[in-house]
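1. What would the 3D arrangement of this be:
(one chain, ligands or ions: 1)
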Amino acid sequence: MMDIVSLWDKTLQLIKGELSRPSFNAFFKQIVPLKIYLNDLILLVPNEFTKSILEDRYLTLIEGSINQLSLKKYNVKFVLSESEVEDLDEEEEDKPSNIKKNYPNLNPKYTFDTFVIGNSNRFAHAACVAVAESPAKAYNPLFLYGGVGLGKTHLMHAIGHHILSEKKDPKVVYVSSEKFTNELINSIKNDRNEEFRNKYRNVDVLLIDDIQFIAGKEGTQEEFFHTFNSLHEANKQIIISSDRPPKEIPTLEDRLRSRFEMGLITDIQAPDFETRIAILRKKAQMERIDVPNEVMTYIAKNIKSNIRELEGALTRVVAYSSLTNRHISFDLATEALKDIITTSKTEEITVNRIKEKVSTIFNIKMEDFNSKKRTRSIAYPRQIAMYISRELTDLSLPKIGEEFGGRDHTTVIHAHDKISKDIQENDDIKAKIDKIMSELKG
Ligand SMILES: Nc1ncnc2c1ncn2[C@@H]1O[C@H](COP(=O)(O)OP(=O)(O)OP(=O)(O)O)[C@@H](O)[C@H]1O
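-> Modelled structure (predicted):
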């Protein structure tokens, strides 16, 4: 059953792909999903200004994105305070029958049709197509690796979509290794290990993203080892992605490494100039926007190593043109991208990276962030990590709460307010936080 928080998080993922980062950050990061009441999906927004922008400019986008994910059609309503909806206790969560059948967490846009093939990904693409056409027969496991934002997740989802469309009711599960780890921890905590095992050991296709995060996590490796074996023995397909090949993942147990190397290992490289242009063309064509060649060339020449950023640059140009009511031209593109083109980021900022940095500076353990401990020496760094997560990631408030041991979104708001205040009043804290943030930004 998809509750409002998951539905909203998936909706945000779709919306994020449509907007420039500044617009997304300005209008979407602060939204809190509150309630589903009959046909209304109610969102809490921070102020009147945001509310009017969302209603005037983004309502169709929001409702359209929700529509892609849920069979039930919702009207989106914005409120400024939780008290406005307190009396609506006839809450109706999204019922299982309302969720599109077989929608296992896959982004509807990540299909083979929308994937542009070039020299950098030709082999990986072919391997994925082979696996999608003959799951558990072609290569098992399939291990895909490559740098950030080069299309690993896109290809994995494409395999999932293809199998879902070809086979009768296949069980396809896509999960990041971080989520796998968190679910495992929670299942142990709540004595629901059996349930966890059933979930992952009874699937036809398991897609596990960013496996490098299980490095050093012994319990997770152990569990994944058994999951892997039971699926492999039952002739079920496993597809794994990582930012590097198995032999370069530190502290990965040898028995897992050798299992990862049993099937086919294939890499994706950064796209060459022609492929970057082709990706931009495809994106413009999908969005039905006219973009002059010189603008495509400008973007493709300057953003080389990350396709997410390549697409982000195009989205930004388009948003800039519509907000300023001007045609897309070379001048407009250079203006819109002046902050981006010189400072192409190298590594994505994740809550995990934030926790790692904060834990070294404040000398606490990684597990303390999710624990119930409230001593100041732990609670304070935890609040700092929440503050930075809110500042530097696109995650929604409830999602950040979830990343910190399942805390409520109000706790995140409180932490953010407190640390913002401390930064203004305490130079020492400000310096520490500035240092962490600038190291994360690279
Ligand atoms: N060959 C391609 N054709 C079209 N779009 C692509 C291609 N490769 C990547 N993209 C797009 O680039 C964006 C980033 O890709 P994706 O999320 O799959 O990267 P990733 O390798 O999984 O990154 P990460 O390491 O951050 O998990 C997505 O929007 C995806 O659709």
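
2. Name all residues that make contact with residue 314.
-> 280, 283-284, 291, 299 (C-beta atoms under 8 Å, 6 or more residues apart in numbering). C-beta coordinates here come from the backbone N, C-alpha and C atoms, glycine included.

3. if we go to 7 Å?
-> 280, 283-284, 299 (C-beta atoms under 7 Å, 6 or more residues apart in numbering).

4. Now the stretch 101-250 of the chain against the ligand: closest residue?
-> Nearest to the ligand, among the residues of the stretch 101-250 of the chain, is residue 151, at 2.7 Å (C-beta to the nearest ligand atom).

5. Surely that residue is in contact with residue 307?
-> Yes - judged on C-beta atoms under 7 Å, residue 151 makes contact with residue 307 at a distance of 6.0 Å.

6. Which residues does the helix or strand harbouring residue 11 contact?
-> Residue 11 belongs to helix 4-18 when assigned by DSSP states H and E. Around helix 4-18, the neighbours that count as contacts under C-beta under 7 Å, 6+ apart are 24, 28, 33, 35-36, 61-62, 65-66, 68-70, 93-94, 107, 109, 315, 394, 396, 398-399.

7. Does the host helix or strand of residue 266 reach the ligand?
-> Element membership for residue 266, per DSSP H and E: strand 264-268. No - counting by C-beta under 6 Å from any ligand atom, the ligand has no neighbours in strand 264-268; the shortest distance is 6.9 Å.

8. which strands and helices sit next to the helix or strand just after that strand?
-> Counting by DSSP H and E, the next helix or strand C-terminal to strand 264-268 is helix 273-286. Secondary-structure packing of helix 273-286 (3 or more C-beta pairs under 7 Å, 6 or more residues apart in numbering; DSSP states H and E): helix 293-302, helix 307-324.

9. Would you mind listing what in the stretch 101-250 of the chain touches the ligand?
-> Checking the stretch 101-250 of the chain against the ligand by C-beta under 6 Å from any ligand atom, the hits are 110, 114-116, 121, 146, 148-154, 210, 243.

10. just checking, which of those belong to strands?
-> Mapping those onto strands (DSSP state E) picks out residue 146.

11. most neighbours, which of the residues of the stretch 101-250 of the chain next to the ligand?
-> residue 121 (27 neighbours; other C-beta atoms under 10 Å).

12. was I right about that residue contacting residue 152?
-> No - counting by C-beta under 7 Å, residue 121 does not reach residue 152; the two are 9.6 Å apart.

13. any common contacting residues for the two?
-> Common neighbours of residue 121 and residue 152 (C-beta under 7 Å, 6+ apart) are residue 268.

14. ok so, going back, filter the contacts of helix 4-18 down to the ones in strands?
-> Per DSSP E, those map to strands at 33, 35-36.

15. Go through those and say which is closest to the ligand.
-> Nearest to the ligand among these: residue 33, at 23.4 Å, using C-beta to the nearest ligand atom.

16. if I pick the nearest residue to residue 279 once chain neighbours are set aside, what's in contact with it?
-> Nearest in space to residue 279, with sequence neighbours left out and distances taken as C-beta to C-beta, 6 or more residues apart in numbering, is residue 116 at 4.7 Å. By C-beta under 7 Å, 6+ apart, the contact list for residue 116 reads 275, 278-279, 282.

17. for those, which one is nearest the ligand?
-> The closest of the contacts of residue 116, once distances to the ligand are taken by C-beta to the nearest ligand atom, is residue 279, at 4.7 Å.

18. Go ahead and confirm the closest one touches residue 310.
-> Yes - using C-beta under 7 Å, residue 279 is in contact with residue 310, at 6.3 Å.
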